[in-house]
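S.K.: Pasted the sequence and its predicted model underneath.
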Amino acid sequence: MRRLQDQTHGFTAFICWTFQPGNTALADLPKVGAFEYLKTLAVSRLFLDNFANLQASWVTAGPGRRPTGSAVRGPTISAASMIEENVVAAAGTSFRATER
C-alpha cells in the first residue's frame, strides 16, 4: 500500500479495521483488544506517513475508541455516519449509535 501510494497518490485515506472472526473460517481466533488496535493505528501512522488521512474506525472498534484513536494518529478521525454497513456486520460485529 505504501509503495502504491508513492506511485499513484490514489488513496485518500487508510482506515484501520480490527479483525472480526465471527462467521469466518477463522472464527476460533480471538478478537483483538483495544491495546492491539491502538498499537496498529500507531504503527500504521509511522509506516503510512504518505497517507494524508489515517482514520480510526468506530465501526469495528466501537464508538468509545474514537477519542483514544485520535490521540494516537494524525489529524483525521472517522466520525462519519453510515446508513448501512455490511462488511463488518457479516462477520458478526454490530456497533450502533443513536442519531444524538
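M.R.: Now that the structure is in, tell me what you want to look at.
S.K.: okay, CA-based contacts and neighbour counts for the rest of this
M.R.: Noted.
S.K.: Show me where the chain dips below the pLDDT cut-off.
M.R.: The model of the chain has pLDDT under 70 over residues 58-100.
S.K.: For it, which segments count as strands?
M.R.: 14-16, 54-56 (DSSP state E).
S.K.: So which of these has the densest surroundings on average?
M.R.: Highest mean neighbour count among those (mean count of other C-alpha atoms under 10 Å): strand 54-56, with a mean of 25.
S.K.: distance between the ends of stretch 39-54?
M.R.: The first and last residues of stretch 39-54 sit 13 Å apart, counting by C-alpha to C-alpha, to the nearest Å.
S.K.: any idea how far Ser57 is from Gln20?
M.R.: With distances taken as C-alpha to C-alpha, Gln20 is found 13 Å from Ser57.
S.K.: typo on my end, Asp6
M.R.: Remark: distance between Asp6 and Ser57 (C-alpha to C-alpha) = 24 Å.
S.K.: in the top helix by length along the chain, what counts as buried?
M.R.: Criterion DSSP state H: the longest helix present in the chain is helix 34-47. Residues 37-38, 40-42, 44-45 are the ones in helix 34-47 that count as buried (16 or more other C-alpha atoms under 10 Å).
S.K.: Cool, thanks, talk later.
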